[in-house]
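*Asks:* Sequence first, then the predicted structure:
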Amino acid sequence: MITSAIDGYWSRLGFDDDQIFEMKGSVNYFQCSMPCRSRLWKVDTLNIDDVEKCLQLRSGPPLCGLCKRNFSRPNVFMESDCYFVSSRIVHQEQRLNELCITNYDKKVLFAIVGVSIDNNRIFEVIKKKLLLLTNVSILLIDPKAVEIKDKLQIFLNNPQELNWILISMPVLEGLVTLNRHVRLLQYGEQQADTGN
């Protein structure tokens, strides 16, 4: 799973951290704001009352859990961020590269779900991963699927070698529709309708 979202959504859905490449980091991990070390710590739950107090400046931001001198901050990359600790996303991308290299000659379905057409960074990352694969089909679910496909083809050198499956729907509706069609193929009409 490649995502530019920073909200930890895919982790909350049950994806293992080893299956995710969060290109911009995640609010589920914190780091020292300076940073004192290149270590991160996971924050499983944020107390909303504490967050609101910090935002209203009733109390200061939380201190670094390691040095206790500097403020802590989410491990999220912001434009021109020279203090971002990148070790976690570098490790995630290395795992993804290894997965692509291991499966370079196998049939692979590369799913792109709900990507912003203006996010050139994610298009560059997708291009790099697709170049590691030789037999790939792309499943694209987004209301702007055709526009996204056209833009992605600009980033790629040999777009004619790819098989495209476009679902031009909102993401949730597209996933539900896809699930129903897969169930139809697996189990037939009756069980596809009941969801059993």
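*Replies:* Yep, it's here.

*Asks:* First-to-last residue distance for stretch 25-38?
*Replies:* Across its full length, stretch 25-38 reaches 14 Å end to end, with CA to CA, to the nearest Å as the criterion.

*Asks:* Identify each buried residue in it, please.
*Replies:* The neighbour-count criterion (16 or more other CB atoms under 10 Å) identifies 25-32, 35 as the buried residues of stretch 25-38. (Each C-beta comes from the backbone N, C-alpha and C, glycine too.)

*Asks:* contact partners of it?
*Replies:* Contacts made with stretch 25-38 from outside it, assessed by CB atoms under 8 Å, 6 or more residues apart in numbering, are listed as 6-8, 11, 39-44, 46, 62, 64-67, 69-77, 83-85, 87-89.

*Asks:* gap between that stretch and the chain center?
*Replies:* Taking the mean of its C-alpha atoms, stretch 25-38 sits 19 Å from the chain's own mean (CA atoms, centre = their mean, to the nearest Å).

*Asks:* could you give the mean pLDDT of that stretch?
*Replies:* Taken as a whole, stretch 25-38 has a mean pLDDT of 88.

*Asks:* I'd like the next helix or strand past the helix or strand bottoming out on mean pLDDT in the chain.
*Replies:* Taking mean pLDDT, DSSP states H and E as the measure, the helix or strand of the chain with the lowest value is helix 48-55, at a mean of 52. From helix 48-55 onward toward the C-terminus, using DSSP states H and E, the following helix or strand is strand 72-76.

*Asks:* hmm, which of the contacts of stretch 25-38 are the buried ones?
*Replies:* Judged by 16+ other CB under 10 Å, buried ones among those: 6, 8, 11, 40, 43, 64, 66, 70, 72-77, 84-85, 88-89.

*Asks:* average pLDDT for stretch 104-117?
*Replies:* 83.

*Asks:* could you dump it to PDB, C-alpha only?
*Replies:* Output of stretch 104-117 as PDB, limited to C-alpha atoms (Å, rounded to 0.1, in the frame of the first residue of the first chain):
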ATOM      1  CA  TYR A 104       9.200  -8.500 -11.100                       C
ATOM      2  CA  ASP A 105       8.200 -11.300 -13.600                       C
ATOM      3  CA  LYS A 106       5.000 -12.400 -11.900                       C
ATOM      4  CA  LYS A 107       1.500 -11.200 -12.800                       C
ATOM      5  CA  VAL A 108       0.900  -8.200 -10.500                       C
ATOM      6  CA  LEU A 109      -2.300  -6.200  -9.900                       C
ATOM      7  CA  PHE A 110      -1.200  -2.700  -8.900                       C
ATOM      8  CA  ALA A 111      -4.200  -0.900  -7.300                       C
ATOM      9  CA  ILE A 112      -4.400   2.900  -7.200                       C
ATOM     10  CA  VAL A 113      -7.300   4.000  -5.000                       C
ATOM     11  CA  GLY A 114      -8.300   7.600  -4.400                       C
ATOM     12  CA  VAL A 115      -5.200   9.500  -5.600                       C
ATOM     13  CA  SER A 116      -5.200  13.200  -6.100                       C
ATOM     14  CA  ILE A 117      -4.600  14.200  -9.700                       C
END
